[in-house]
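Visitor: All I have is the shape, not the residue letters:
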């Protein structure tokens, strides 16, 4: 039962001896760029904010017999900056797989790494190093009048040397023709590529980063032309796309944008089903599993061209296969309808037909609530094995059952999580378009945070991998030489998943639940998203907006959580109890008598009482004098007279205060981990009632490592506990309680040896064996 008694907190803080310091609460203006006309001090786009535009018209041919993708593209690039541009930079991300790729050369290895590999892993490395040449083959770069343009390729970047500078508000149109060998993802890896099904000689193509794309030019970096090494993802301008895809005639294609020629590529039955799905609130099949299985066997030699258009997107991706089952349903966001779709092979069932499209719809709805309304007409989830990648309106997701159709709980939650995460990337960074090449956390961390919120709305008690504070504690307490600050460039991060996904997601969850509260946080976070949708935000824009929209000074939080590797470990090091002297001799002498009787007794005194039958002064009653006979705890007449005299000098309030019986507790705290955080203290009283005291992090503002605080309480305390609800990512719970509590754990004395079949099977397969026994 919660106590409703008023809690009085003494208004002073006792500071432990030491040097005065305020470093942890210093403002972060020296760590972030100065506001200017492009990005203002409130964290919003400035009055002269600009961004470039790149529009694409592409003709693509997917060669299913050779696994080659050929393309011709026309790029219209508009210079909205105030600067004159002497050259243009394009990204050639597929050159990551070229024979001369830096990525192959900079991998740090030891022989013991190879010794631990099996034959398949070694074959994958062999093919990656020696067999596969996956880089772009640039056949031409021409002006629209057919004139060759001068260009130079530097690894994953292509520079076009302009004859005449591109002036502000000017635009240029040019053509690029190219091809490349599509990579076998299962053999050489990659975010894009194909999955091959050898038993039926079929492919699923999940294709992205497949065309030369314009780099971003902005007020922050000029040209963002940092080389693509594989980890730091993509930084892209917005534009409009018109793409024609020529593929085998029995392929089903999913892509960024809306299909323009349904009558040319879909049967009348498929068009009717699609029209029905546009109005359905549960998934409807456009291509059934039976139809997909027939297509797998009856391969046609004809070709079809699918045409898609997309408006105001930063990228384009597609998937193509004759293996695809296709289902769809509608969800409404604001006054707009969004067609949610899934494309998957039979190998994805029963998981995919049961969950995928429903997860897409739920993610669109949930993210729209916490960020901005989903602005696009479609949202697509495509299944291929061992993948999780995101692009505007479309994402590629893993999560495959066993061949017998069973799956583990881990597989199910893994599939749920990856779909929510990758669909969520439509918001970060496809709409709120941060620089992934520089700051992975701005899309992965923010997306993982909203993923957590979305998972919790999908299933009560959803076992989210990341988000709750306590789940990052193991990482944060780790070896500091193997931990990077969140504010680290994408290619230099140590422990990529924890740093770029887990820690920033946890930090935002702590802000929402503990530092700011849900109402303030949600308003500020949504303000950031609204300000920067279809724009290019930076970390400083995020930091400033969160403070500007909430009136909460968070510089200490950004400094500690984002710019340092400190961890949270706040220890309750000491508890002292004091009570006011009532000056009433009857009360105070009785108190002293009780303390004397309850004192710890030395072992010699205890044994002497047993061994010494009679002392000398017990035999001789003449030995004791006045001091030997008096009772120091007896109240005499003089005591009472002096007390009455004192009462006459006090008013009734003073007397009531002396007699109130308040308990003064002085608690000492040590900031062991270095990261300042609020003090959240659960107080449990002797009568088993309890309450929680929340003290802001600013309690550390004058002394960062050792403080003490006095609490005046009306009841005697049985225990104090720091961080009782696991809110702060405290890495050592052993020093959080008074009296100290042993945290139990278990170990196995005898480990049962299980048969291999039992170790490898999932619970659904085990249940089948149970059912067989019953039968």
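Guide: Ah, there it is. Bear in mind the structure is a predicted one, so any value in this text is a computation, not a measurement.
Visitor: ok, residue 583 to residue 520 distance?
Guide: Using C-beta to C-beta, to the nearest Å, residue 583 is found at 47 Å from residue 520. C-beta: built from backbone N, CA, C; applies to glycine.
Visitor: That should have said residue 514, apologies.
Guide: Distance from residue 514 to residue 520, by C-beta to C-beta: 12 Å.
Visitor: cool, and residue 175?
Guide: Distance from residue 175 to residue 520, by C-beta to C-beta: 51 Å.
Visitor: One more: residue 457?
Guide: Distance, residue 457 to residue 520, using C-beta to C-beta: 20 Å.
Visitor: go on, residue 405?
Guide: Residue 405 sits 47 Å away from residue 520, going by C-beta to C-beta.
Visitor: Residue 320 now?
Guide: According to C-beta to C-beta, residue 320 stands 46 Å off from residue 520.
Visitor: Just want to know which of those two has more residues nearby.
Guide: Legend: neighbour count by other C-beta atoms under 10 Å for residue 320 and residue 520, higher for residue 320 (26 against 17).
Visitor: Next up, phi/psi of the more buried one, please.
Guide: Main-chain dihedrals, residue 320, degrees, to the nearest 10: phi -150, psi 130.
Visitor: Show me the longest helix that occurs in the chain.
Guide: Determined from DSSP state H, the single longest helix within the chain is helix 351-370.
Visitor: confidence score at the nearest residue to residue 323 once chain neighbours are set aside?
Guide: Computed as C-beta to C-beta, 6 or more residues apart in numbering, the closest residue to residue 323 that is not its neighbour in sequence is residue 345, at 4.1 Å. With respect to pLDDT, residue 345 scores 98.
Visitor: Check the gap between the residue of the chain positioned farthest from its centre and residue 572 for me.
Guide: Here the chain reaches farthest from its C-alpha mean at residue 622, the gap being 83.0 Å by C-alpha atoms, centre = their mean. Per C-beta to C-beta, residue 622 is found 55 Å from residue 572.
Visitor: And the helix or strand harbouring residue 241, what does it pack against?
Guide: Assigned by DSSP states H and E, residue 241 belongs to strand 239-248. Using 3 or more C-beta pairs under 8 Å, 6 or more residues apart in numbering; DSSP states H and E, the elements in contact with strand 239-248 are strand 53-63, strand 252-255, strand 303-313, strand 318-321.
Visitor: Leaving out the residues flanking it, which one is nearest to residue 762?
Guide: residue 408 (3.8 Å).
Visitor: what's next to stretch 220-228, contact-wise?
Guide: 33, 89, 91, 93, 95-96, 102, 154-157, 215-218, 232, 234-235, 435, 437-438, 536, 538 (C-beta atoms under 8 Å, 6 or more residues apart in numbering).
Visitor: ok, of the residues you listed, which come out buried?
Guide: Neighbour-count burial within those applies to 89, 91, 93, 95-96, 102, 155-157, 215-218, 232, 234-235, 435, 437-438, 536, 538; the criterion is 16 or more other C-beta atoms under 10 Å.
Visitor: Mind checking which of these land in helices?
Guide: In this view, those that belong to helices under DSSP H are residue 102.
Visitor: Restricted to strands, list the buried ones among the contacts of stretch 220-228.
Guide: Counting by DSSP state E, those place 89, 91, 157, 217, 218 in strands.
Visitor: where does the nearest residue to residue 407 once chain neighbours are set aside fall, helix, sheet strand or coil?
Guide: Among residues not flanking residue 407 along the chain, residue 401 sits closest, at 4.0 Å (C-beta to C-beta, 6+ apart). Under DSSP: H, G, I helix; E, B strand; the rest coil, residue 401 falls in the coil class.
Visitor: what's around residue 401, how many residues?
Guide: By other C-beta under 10 Å, 20 other residues sit near residue 401.
Visitor: Could you measure from it over to residue 200?
Guide: From residue 401 to residue 200 the distance is 18 Å (C-beta to C-beta).
Visitor: Residue 720 now?
Guide: When C-beta to C-beta is applied, the distance between residue 720 and residue 200 equals 66 Å.
Visitor: got it, and residue 25?
Guide: Residue 25 is 64 Å from residue 200, by C-beta to C-beta.
Visitor: Compare these two and say which is more crowded by neighbours.
Guide: Per other C-beta under 10 Å, whichever of residue 25 and residue 200 has more neighbours is residue 25, with 18 against 13.
Visitor: which residues touch the more buried one?
Guide: 555, 556, 676, 698, 700, 701.
Visitor: Run through the residues that contact the second one.
Guide: Pointing back at residue 556 there. Counting by C-beta under 8 Å, 6+ apart, residue 556 has contacts 24, 25, 676, 697, 698.
Visitor: now those residues as CSV including distance to residue 566?
Guide: CSV is the format used below for these (distance: C-beta to C-beta, whole Å):
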residue, distance to residue 566
24, 9
25, 13
676, 9
697, 13
698, 17
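Visitor: Mind listing what's buried along stretch 699-718?
Guide: Applying 16+ other C-beta under 10 Å to stretch 699-718 flags 699-701, 703-711, 713, 715, 717 as buried.
Visitor: hmm, I was thinking of stretch 214-230
Guide: 214-221, 223-230.
Visitor: likewise stretch 623-639?
Guide: Under 16+ other C-beta under 10 Å, the buried positions of stretch 623-639 are residue 635.
Visitor: ditto for stretch 480-500
Guide: Buried residues in stretch 480-500, counted by 16+ other C-beta under 10 Å: 483, 484, 485, 486, 487, 488, 490, 491, 493, 498, 499, 500.
Visitor: which SS state does the fourth one fall under?
Guide: So the one you mean is residue 486. Under three-state DSSP, residue 486 falls in the coil class.
Visitor: So what does it have for phi and psi?
Guide: phi -60, psi -40.
Visitor: Look up how far residue 656 lies from residue 583.
Guide: In this view, residue 583 and residue 656 are 13 Å apart by C-beta to C-beta.
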